[in-house]
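K.L.:
Here is the input, now give the coordinates:
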Amino acid sequence: MNFISIRIITDDVKRLAGFYETITGLAATWYSDDFAEIATPAGTLAIASTRTMALFKAGAARPADNHSVIVEFRVGDVDAQFRALADVIEVVQAPTTMPWGNRSLLLRDPDGNLVNVFTPVTAEAIRKFDR
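P.N.:
This next block holds a predicted model:
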């Protein structure tokens, strides 16, 4: 099995895709007005309209109702990312070094989903991500 992507269901694909374009610096690829993807070297963030859920079981997903998943992006310098984005994002926690060796910036996207932008800073964390 190969992990490929995470899909976020939203009422406003354009707004959410714009947010993720801003924080990643990557352009979304649009497949329809209801579906866009932001591809990174490690995986893809898919963003889909609630209208796409008509193709699945009714009630399977509810937009802006996540309370347990954190979308994570590794960056070269989380502190620089924080300085660049501080005025355009909702910061939950400024960059903080975590016990497992990552320096993490915790944000909320426009739908309220948690987003962790991090840089490994300890030797062990750096080794983990340089596989």
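K.L.:
can you give me the strands in this protein?
P.N.:
Taking DSSP state E as the criterion, the chain contains strands spanning 5-10, 29-32, 35-39, 44-49, 70-74, 90-97, 102-108, 114-120.
K.L.:
any residues touching the shortest one, and which ones?
P.N.:
The contact list for strand 29-32 (Cβ atoms under 8 Å, 6 or more residues apart in numbering) reads 17, 36-39. For glycine as for every other residue, the C-beta is placed from the backbone atoms N, C-alpha and C.
K.L.:
Name the strands paired with it and say parallel or antiparallel.
P.N.:
Paired strands of strand 29-32, with direction, are strand 35-39 (antiparallel) (DSSP bridges).
K.L.:
could you check the angle strand 114-120 makes with the top helix by length along the chain?
P.N.:
Counting residues, the longest helix found in the chain (DSSP state H) is helix 13-24. Interaxial angle, helix 13-24 versus strand 114-120 (axes from the mean of the first three to the mean of the last three Cα atoms, to 10 degrees): 20 degrees.
K.L.:
average pLDDT for helix 13-24?
P.N.:
For helix 13-24, mean pLDDT rounds to 96.
K.L.:
repeat for stretch 109-120
P.N.:
For stretch 109-120, the per-residue pLDDT averages 96.
K.L.:
re earlier: just the buried residues of the longest helix of the chain, please?
P.N.:
13, 16-17, 19-20, 23-24 (16 or more other Cβ atoms under 10 Å).
K.L.:
Then stretch 62-71?
P.N.:
Per 16+ other Cβ under 10 Å, stretch 62-71 contains these buried residues: 63-64, 66, 71.
K.L.:
Show me what that stretch is in contact with.
P.N.:
6, 8-11, 45, 50, 106, 109, 111-116.
K.L.:
again, only using 7 Å
P.N.:
Contacting residues not belonging to stretch 62-71 are listed as 6, 9-11, 45, 50, 111-116 [Cβ atoms under 7 Å, 6 or more residues apart in numbering].
K.L.:
what's the span of stretch 68-85, first residue to last?
P.N.:
24 Å (Cα to Cα, to the nearest Å).
K.L.:
actually stretch 99-119, sorry about that
P.N.:
13 Å.
K.L.:
Stretch 82-98 now?
P.N.:
Where stretch 82-98 begins and where it ends lie 16 Å apart, using Cα to Cα.
K.L.:
Thank you kindly, that will do.
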